[in-house]
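Undergrad: Sequence isn't available, so here's the structure alone:
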């Protein structure tokens, strides 16, 4: 005679498996059925905020639900990052982050309330943005090699601005000094805009600046662009060479922007979001608008973003250890 308890356990297991098999497609079909929040760890008006709002507008139609941008600035993006890490894993809280928070912050700051690799799941690498290496107009350096010669001639004399301690512009400066064996004095500002104005006003000598913010000032002659940090020329600065091809072959650094969700978000929901983001980035109007800001649009799979995060995290951990940098969040 069959054991009744064993039969009951077998029946329950079969029901659970059937439920699990049916849940994934159901989640994909039902999602989304209410508004979605897209957290940005920066103030309104910046390059990341512009990307978030442009992307959200496209996603509104593709997902048939409002995608609402919520700015949570502070601590170089880590406040918004922490909020997203602690949100419910249901697909209704997204995070648009830069590599300053998802690949750099954990190596730089002590006491963060989250761990990126375990608390957030990758959705899509959205875009990358090379930085402009710019100098004040009267600095006698026409390219990266000329700047390098000045910096080696008088170590520590040149001032290099950034958009804040721990920002990608700061890390680009540290990487530049690391690979060239030079020393300049870091001057952090509260954002890329103030750092750009500081170069234009001659308060500082040099900076790595956001292309979308700094290109108009370069066109007006208020700052001088002498290099870009990507591997290719930028359409915004066609006559300005990549730094890697003008005296510093080991150097490349970009601001990368990606979408994440809280860890544990159902896989069908993650796949739905990644698909929608790739479709949004293919829209001609969106591509035209963001390309004019110097962004290179990507739209990766979750798996590709996960691999990118691991590689970048290892790279910046090495730079931060070598440079001995530690900050309080």
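TA: That came through, no problem. Note that the coordinates shown come from a computational prediction; the quantities given were computed from them, not determined experimentally.

Undergrad: Helices along this protein, start to end?
TA: Along the chain, counting by DSSP state H, helices occupy 4-30, 47-63, 78-85, 99, 105-108, 116-119, 144-153, 168-180, 192-200, 211-219, 267-281, 284-291, 302-323.

Undergrad: Which among those helices is found nearest to residue 125?
TA: helix 302-323 (4.5 Å; C-beta to C-beta). Placement of C-beta: from N, CA and C, glycine included.

Undergrad: Now do the buried residues in the closest one.
TA: 302, 305, 306, 308, 309, 312, 313, 315, 316, 319, 320 (16 or more other C-beta atoms under 10 Å).

Undergrad: ok, the closest residue to residue 55 other than its chain neighbours - how many residues close by?
TA: Using C-beta to C-beta, 6 or more residues apart in numbering and skipping the chain neighbours, the partner closest in space to residue 55 is residue 280 (5.8 Å). Residue 280: 25 surrounding residues under other C-beta atoms under 10 Å.

Undergrad: was I right about residue 280 contacting residue 63?
TA: No: the pair residue 280 / residue 63 is not scored as a contact, 9.4 Å apart, by C-beta atoms under 8 Å.

Undergrad: So, low pLDDT: which residues of this structure?
TA: The chain contains residues with pLDDT under 70 at 1-29, 329.

Undergrad: Pop the domain breakdown of it in here.
TA: As assigned by automatic domain parsing, the chain contains the domains 32-129+255-323, 130-245.

Undergrad: Could you find the closest non-adjacent residue to residue 83?
TA: Ranked by C-beta to C-beta, 6+ apart and with sequence neighbours excluded, the top spatial neighbour of residue 83 is residue 72, at 5.4 Å.

Undergrad: And that neighbour, how far from residue 291?
TA: Between residue 72 and residue 291 the computed distance is 27 Å (C-beta to C-beta, to the nearest Å).

Undergrad: same thing with residue 233?
TA: For residue 233, the distance to residue 291 - C-beta to C-beta - is 14 Å.

Undergrad: do the same with residue 95
TA: Distance, residue 95 to residue 291, by C-beta to C-beta: 24 Å.

Undergrad: neighbour count winner among the two?
TA: residue 95 (28 against 14).

Undergrad: The more buried one pairs with what?
TA: Bridge pairing for residue 95 (DSSP bridges) gives the partners residue 39, residue 260.

Undergrad: Over to residue 127?
TA: For residue 127, the beta-bridge partners under DSSP bridges are residue 257, residue 297.

Undergrad: shouldn't it be in contact with residue 51?
TA: Yes: applying C-beta under 8 Å, one finds residue 127 in contact with residue 51, separated by 6.4 Å.

Undergrad: Pull up the overlap in contacts between the two.
TA: Shared contacts of residue 127 and residue 51 (C-beta atoms under 8 Å, 6 or more residues apart in numbering): 257, 290, 295.

Undergrad: what's around the spatially closest residue to the last one that is not a sequence neighbour, how many residues?
TA: What that stands for is residue 295. Using C-beta to C-beta, 6+ apart and skipping residues adjacent in sequence, the residue nearest residue 295 is residue 127, 4.5 Å away. Using other C-beta under 10 Å, residue 127 is surrounded by 25 other residues.

Undergrad: For residue 127, give me its contacts.
TA: 51, 256, 257, 281, 290, 295, 296, 297, 298.

Undergrad: And these, which is closest to residue 136?
TA: Nearest to residue 136 among the contacts of residue 127, with distances taken as C-beta to C-beta, is residue 295, at 26.0 Å.

Undergrad: thinking that closest one is in contact with residue 210, fair?
TA: No: with contact defined as C-beta under 8 Å, residue 295 does not reach residue 210; the gap is 10.0 Å.

Undergrad: Mutual contacts of these two, please.
TA: Shared contacts of residue 295 and residue 210 (C-beta under 8 Å, 6+ apart): 47, 129.

Undergrad: Would you mind telling me which of these two has more residues around it?
TA: residue 210 (26 against 23).

Undergrad: Run a quick neighbour tally on the spatially closest residue to that one that is not a sequence neighbour.
TA: Spatial nearest neighbour of residue 210, chain neighbours left out: residue 192 (4.6 Å); criterion: C-beta to C-beta, 6+ apart. By the criterion of other C-beta under 10 Å, residue 192 has 27 neighbours.

Undergrad: got the contact list for residue 192?
TA: For residue 192, the contact set (C-beta under 8 Å, 6+ apart) comprises 46, 47, 163, 167, 169, 209, 210, 213, 214.

Undergrad: among these, which two are most distant?
TA: In terms of C-beta to C-beta, the contacts of residue 192 reach their longest pairwise distance at 167 and 214, which sit 14.2 Å apart.

Undergrad: In terms of neighbours, single out the busier of those two.
TA: residue 214 (29 against 24).

Undergrad: which residue is nearest the centroid of this protein?
TA: In the chain, the centroid-proximal residue (C-alpha atoms, centre = their mean) is residue 98; its distance is 1.9 Å.
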